[in-house]
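Student: predicted model and sequence below, questions to follow.
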Amino acid sequence: MKKALIISGNLAQDHEFIFPYYRLLEEEFEVDVCLLEGKPVKGILGTSIPPNKDQIVKTIDEVKVSDYKVLILPGGVKAMEKVRQEEKIINFISNFNKQKKIIGCICSGAQLLISAKVVKGREIAGYYSMKDDIINAGGIYTDKPAVIDDNIITTAHYKDMGPWMKEIISKVNN
């Protein structure tokens, strides 16, 4: 079975968590959820994260890079400011990238890519307010609906989640 992991935390951007979550389920992925808090939280708009009540929430200590084909990093600046401080999560992202596994990242999720030091020399989309951060980390800021740079697929805004998830699914199925 294909497995995907979504890493996030309290006050994640609801759309950016829920759309990829259900899109991956639609593609018959087993989707695991790893939240900084290790329990269900609320999105910035008040939605339960994860949206399915029976979804088990894991901590970073309960997940292994080798178990997953895809990693999704939703945005939500308030969530990312806290999530990026968890060294084990940052190391997980770095190791996921080293193995050239697919990383889908949207909006302020780019903060996690920056902290994991995986943007240098790469085209990366992120929320427009992070343009300087991406450039200062050595990345090439690009604002397109789906920016593909090897194994990392990014987008700047939830208005582009359709093309972004289409590219992620396409890359995984190749």
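Tutor: Arrived safely, thanks for sending.
Student: quick one, phi/psi of the closest residue to Gln55 other than its chain neighbours?
Tutor: Of all residues not flanking Gln55 in the chain, Val33 sits nearest, at 5.7 Å (CB to CB, 6 or more residues apart in numbering). Any C-beta I mention is one placed from the backbone N, CA and C, and that applies to glycine too. Backbone torsions of Val33, given as degrees, to the nearest 10, read phi -120, psi 130.
Student: how many neighbours does Val33 have?
Tutor: Val33 has 22 neighbours, counted by other CB atoms under 10 Å.
Student: surely it and Glu62 touch.
Tutor: No - Val33 lies out of contact with Glu62 (CB atoms under 8 Å); the separation is 10.7 Å.
Student: can you give me the helices in the chain?
Tutor: With helices called from DSSP state H, the chain shows them at 14-26, 77-83, 87-98, 110-115, 131-136, 161-173.
Student: and of those helices, who's closest to Glu37?
Tutor: Closest to Glu37 of the helices of the chain, according to CB to CB: helix 77-83, at 9.1 Å.
Student: confidence score at the residue nearest the centre of the chain?
Tutor: In the chain, the C-alpha nearest the mean C-alpha coordinate belongs to Leu73, at 1.0 Å (CA atoms, centre = their mean). Model confidence at Leu73, expressed as pLDDT, equals 98.
Student: again with Ile153
Tutor: Note on Ile153: pLDDT of 98.
Student: ok, it - how many residues close by?
Tutor: By the measure other CB under 10 Å, the count of residues near Ile153 is 27.
Student: look up phi and psi at the residue lying closest to Val147 once chain neighbours are set aside.
Tutor: Of all residues not flanking Val147 in the chain, Ala125 sits nearest, at 4.3 Å (CB to CB, 6+ apart). For Ala125, the backbone dihedrals (degrees, to the nearest 10) come out as phi -100, psi 150.
Student: for Ala125, what are its contacts?
Tutor: By CB atoms under 8 Å, 6 or more residues apart in numbering, the residues touching Ala125 are 110, 141-144, 147, 154-156.
Student: need the contact list for the residue in the chain sticking out farthest from the centre.
Tutor: Distance from the centre of the chain peaks at Asp54, with 21.4 Å (CA atoms, centre = their mean). Residues near Asp54 by CB under 8 Å, 6+ apart: none.
Student: now do Val41
Tutor: By CB under 8 Å, 6+ apart, the contact list for Val41 reads 9-12, 35, 49.
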